[in-house]
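Chemist: quick one: sequence plus predicted model below, questions after.
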Amino acid sequence: MRQINYWLKEMDGQVAKELEKLIKKTFKEGQAYHLLSVKEAKTWNEALNSASFNRIQREKVQALFADTYKDILIATENTSESVKALVRDQVKKVSQYHSLKNTRYTQQAEELAKELSKKGLSERISKEGFVGIEDARGRKWDLKTYSNMVIKTKVNDAYINGMMHESQEKGFDLAVISKHGAKDKCRNWEGMVISLHGKTKGYITYKQAR
């Protein structure tokens, strides 16, 4: 159990480092996109290098990271408990069997090691142990699917936050929603001019549009 806890904590730490880098990178890409859009930079690299990163931006990135990491931890903690429950179940079976036979502890340990390394247990852990969350409708999301969904959503938020923040820093409020030939409800918004920060009267704000 100590070994399982150790590796799970190690993985959580690695996830935190990668998430923080990803959120910061995406935030800066949102800033760069704004600078290119308003012709304040000629190239992508110039735009990335021109994007400011002061205390306010750092705080926004940190808040986005903390929010994302919290959502991921909910799932990894569920996975941790599920894996440990399966291991406890295996330990219980082995110890009950050997207590009846009155075998030595070393024999029990050897038998347990064999049981924990069996292919069947690995398949069971893969099937039952890696359920990230169960939603309000009773659907079970495996860790990979749930994590991908969370990260995709939060990365998009970071990009938009970067773009919005840079536009505010540079004094821009009006923006045109791009056209991509959308088939869903987005088609009603394509090409529309909106107010990003609600500073220009007569225009729908980004918040209202969203």
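Modeler: Yes, it's here.
Chemist: C-alpha only now, for contacts and for neighbours.
Modeler: Noted.
Chemist: ok, Lys127 - how many residues close by?
Modeler: 11 (other Cα atoms under 10 Å).
Chemist: centre-most residue in the chain?
Modeler: By Cα atoms, centre = their mean, the chain has its centre lying nearest to Ile151, at 3.0 Å.
Chemist: residue contacts, that one?
Modeler: Thr68 (Cα atoms under 8 Å, 6 or more residues apart in numbering).
Chemist: any idea how far Ser111 lies from Arg104?
Modeler: Slight slip there: residue 111 is Glu, not Ser. Relative to Arg104, Glu111 is positioned 11 Å away (Cα to Cα, to the nearest Å).
Chemist: of the two, who's got more company?
Modeler: Glu111 (15 against 10).
Chemist: where does that one land in three-state SS?
Modeler: Under the three-state scheme (DSSP: H, G, I helix; E, B strand; the rest coil), Glu111 adopts helix.
Chemist: that one touches Val94, doesn't it?
Modeler: Yes. Using Cα atoms under 8 Å, Glu111 is in contact with Val94, at 7.3 Å.
Chemist: re the thing from before, check the spacing between the residue nearest to the centre of the chain and Tyr206 real quick.
Modeler: Between Ile151 and Tyr206 the computed distance is 22 Å (Cα to Cα).
Chemist: ok, now Ser167?
Modeler: 13 Å.
Chemist: those two - which one has more neighbours?
Modeler: Ser167 (21 against 18).
Chemist: any buried residues in the host helix or strand of the more buried one, and which?
Modeler: Secondary structure assignment for Ser167, by DSSP states H and E: helix 143-169. For helix 143-169, the buried set under the neighbour-count rule, 16 or more other Cα atoms under 10 Å, comprises 143, 146-147, 151, 154-155, 157-167.
Chemist: now do stretch 77-90
Modeler: Glu77, Asn78, Thr79, Ser80, Ser82, Val83, Lys84, Leu86, Val87.
Chemist: can you classify the closest residue to Leu121 other than its chain neighbours by secondary structure?
Modeler: Nearest non-adjacent residue to Leu121, counting by Cα to Cα, 6 or more residues apart in numbering: Glu115, 7.5 Å away. With three-state DSSP as the basis, Glu115 sits in helix.
Chemist: Glu115 and Gln107, how far apart?
Modeler: 12 Å.
Chemist: quick one: which of those two has more around it?
Modeler: Legend: neighbour count by other Cα under 10 Å for Glu115 and Gln107, higher for Glu115 (17 against 11).
Chemist: where in the protein is the helix or strand with the lowest mean pLDDT?
Modeler: In the chain, no helix or strand scores lower on mean pLDDT, DSSP states H and E than helix 119-124, which sits at a mean of 70.
Chemist: can you count the residues close to the nearest residue in space to Leu48 that is not next to it in sequence?
Modeler: Excluding its sequence neighbours, the residue lying closest to Leu48 (Cα to Cα, 6+ apart) is Ala32, at 5.0 Å. When neighbours are defined as other Cα under 10 Å, Ala32 has 27 of them.
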